[in-house]
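# Predicted model follows, preceded by the sequence.
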Amino acid sequence: MSHYRLAVLLLGSVWGVDLVLADDGQYPNVGMDYDATFQYDHVHGDTPQGGNRNSTDAYPDINSTFYFRFTHDQQIQLSTEINPVQGPEPGQKRFFEDVGLVINDLNYYQNNANSAFMVGKYHVPFGRAQDQAPGLYTEDFVSTYDLDGMLGGTVAYRFFDQQLGMIEPNVSLYTADNSILGRPYFRHGEKLERSDGGPSNTGKLDSYAVSVNWLAIPAIPFLEMQVGYMENKKGDDVVQSGPPFGEAADEKIKIASARYIWAYAPSTELEPTLDGRYFDIVPFIEFADVENEDAIQGNDTRYLTTSLTFDFGDWALGATRTDKHRESSGGADRQDYLNELSLTYNITGQVKLGLSAGTQKEDGEMSELVGLALTYSGGF
């Protein structure tokens, strides 16, 4: 496999663009990718007063992406998600409650020989812990810089060099969605309003993110790196009902990450993988420095996510640790964290079973997490 083809394949996971599963090669055409997950979460929480509460939540998480393809490289895509609007309250036990539909993406995407761009409602390609760290809960823990459903556009350009590999700078311009596309359907809840304040909630295309991906280096072909800077303009001042307190301020995020795939017996053939003869180890690390998190003056945090994944045949075993460091207004530091062990079994090419267990400290409260997820994926 050439280094250029390897870079293009790796870029799908780095840039965050969904890979189309089915395409008959005749244009224009329509298609759909989907994954339907049934997930069960059990949370045992310890309150600061010494008590504890057990929460359970059983719910669907159904992601669907519909495509109208003009050509192989030009398409309109609509992505929807059916899941609960919010997690359960401490001590609450839920079964398929508060479930509805949201629109995550509605955009035009075009991929050229050395560039790509997207315009509309989209996921900002910034940060990788939410996608690359194994387990069920890291995505929520680092949601500060995992921006989905933003209005605007993003453009990337790919440089390829025989010695350096592929270097891809990416620029995104966006604002929070206050339109009808931002409301939940078939469930309670309101769309985000300008008066709610918060990062990027200005009604203007004045928030931005810049990142650089470096991958497919000929000397180290399975090393992937990303650095980036994000600035989310402050919205309206709002009165905080609880800490942290502060005036509105622009949220600024700096990020750096690295991921490496070490394969014991490198192979792109399917048979060794299914026979369990394929084995790899994937370490991952990401650091994010956040100034004025949630657009609150002085609410500065730092995230450090480290993970290790072992893939062997149909199985994947992962361990993830995310530390969240915050300096309180009184000058004392506070350390939140998420520890997670996960095991995934690919039952078939379309069905997988995932199990996660871990501990979490957030806002001074300790909890123990156990989750089970059964997923079916497909497309046409």
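Received the coordinates, thanks. Just so it is clear, the model here is predicted, and its values are computed rather than measured. Numbers count the residues shown, from 1 in each chain.

# Using PDB, list the CA coordinates for stretch 366-378.
What follows is the C-alpha trace of stretch 366-378 in PDB, where atoms were taken according to Å, rounded to 0.1, in the frame of the first residue of the first chain:
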ATOM      1  CA  MET A 366     -17.600  10.100  43.600                       C
ATOM      2  CA  SER A 367     -19.400   7.500  41.500                       C
ATOM      3  CA  GLU A 368     -18.900   4.000  40.100                       C
ATOM      4  CA  LEU A 369     -20.000   3.300  36.600                       C
ATOM      5  CA  VAL A 370     -21.000   0.100  34.800                       C
ATOM      6  CA  GLY A 371     -22.300   0.100  31.200                       C
ATOM      7  CA  LEU A 372     -23.400  -2.500  28.600                       C
ATOM      8  CA  ALA A 373     -23.900  -1.600  24.900                       C
ATOM      9  CA  LEU A 374     -25.100  -3.800  22.100                       C
ATOM     10  CA  THR A 375     -24.700  -2.200  18.600                       C
ATOM     11  CA  TYR A 376     -25.900  -3.200  15.100                       C
ATOM     12  CA  SER A 377     -24.400  -1.200  12.200                       C
ATOM     13  CA  GLY A 378     -25.200  -1.200   8.500                       C
END
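
# What residues of it count as buried?
For stretch 366-378, the neighbour count (16 or more other C-beta atoms under 10 Å) marks 367-369, 371-373, 375 as buried. (Glycine included, C-beta is placed from N, CA and C.)

# what would these look like in JSON lines with secondary structure?
Converted to JSON lines, those look like this (DSSP: H, G, I helix; E, B strand; the rest coil):
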{"residue": "S367", "secondary structure": "strand"}
{"residue": "E368", "secondary structure": "strand"}
{"residue": "L369", "secondary structure": "strand"}
{"residue": "G371", "secondary structure": "strand"}
{"residue": "L372", "secondary structure": "strand"}
{"residue": "A373", "secondary structure": "strand"}
{"residue": "T375", "secondary structure": "strand"}
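
# Would you format the residues you listed as CSV with distance to S179 and pLDDT included?
CSV is the format used below for the buried residues of stretch 366-378 (distance: C-beta to C-beta, whole Å; pLDDT from 0 to 100):
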residue, distance to S179, pLDDT
S367, 35, 91
E368, 39, 93
L369, 34, 95
G371, 33, 97
L372, 36, 97
A373, 31, 97
T375, 30, 97
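
# and those residues as a markdown table, adding distance to Y174?
Rendered in a markdown table, the data for these read as follows (distance: C-beta to C-beta, whole Å):
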| residue | distance to Y174 |
| --- | --- |
| S367 | 33 |
| E368 | 37 |
| L369 | 31 |
| G371 | 31 |
| L372 | 35 |
| A373 | 30 |
| T375 | 29 |
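
# Which of the residues you listed lies at the shortest distance from L173?
Taking C-beta to C-beta as the measure, L173 lies nearest T375 of these, at 33.4 Å.

# Next up, the contacts around that closest one.
Under the criterion of C-beta atoms under 8 Å, 6 or more residues apart in numbering, the neighbours of T375 are 35-37, 351-354.

# measure it to D300 for me?
37 Å (C-beta to C-beta, to the nearest Å).

# Likewise for D250?
Distance from D250 to D300, by C-beta to C-beta: 13 Å.

# Then Q132?
Spatial separation of Q132 from D300 under the definition C-beta to C-beta is 25 Å.

# So for those two, which sits in the more crowded spot?
Taking Q132 and D300 together and counting by other C-beta atoms under 10 Å, Q132 has the greater number of neighbours (20 against 16).

# which strand residues sit across from the residue nearest to the more buried one when sequence neighbours are not counted in the sheet?
For Q132, ignoring the flanking residues on the chain, the nearest one in space by C-beta to C-beta, 6 or more residues apart in numbering is F284 at 5.2 Å. F284 forms beta bridges with R259, S307, as assigned by DSSP bridges.

# how deep is F284 tucked in, by neighbour count?
Taking other C-beta under 10 Å as the neighbour definition, F284 ends up with a count of 22.

# Over to the one 10 residues further on?
Applying other C-beta under 10 Å, we find 19 other residues in the vicinity of D294.

# Check Y137 too.
As a burial measure, the neighbour count of Y137 was computed by other C-beta under 10 Å and equals 20.

# do you know how far it is from P125?
Counting by C-beta to C-beta, the separation of Y137 from P125 is 22 Å.

# what's the answer for Y303, then?
The span separating Y303 from P125 equals 18 Å under the rule C-beta to C-beta.

# Repeat that for L173.
Counting by C-beta to C-beta, the gap from L173 to P125 is 13 Å.
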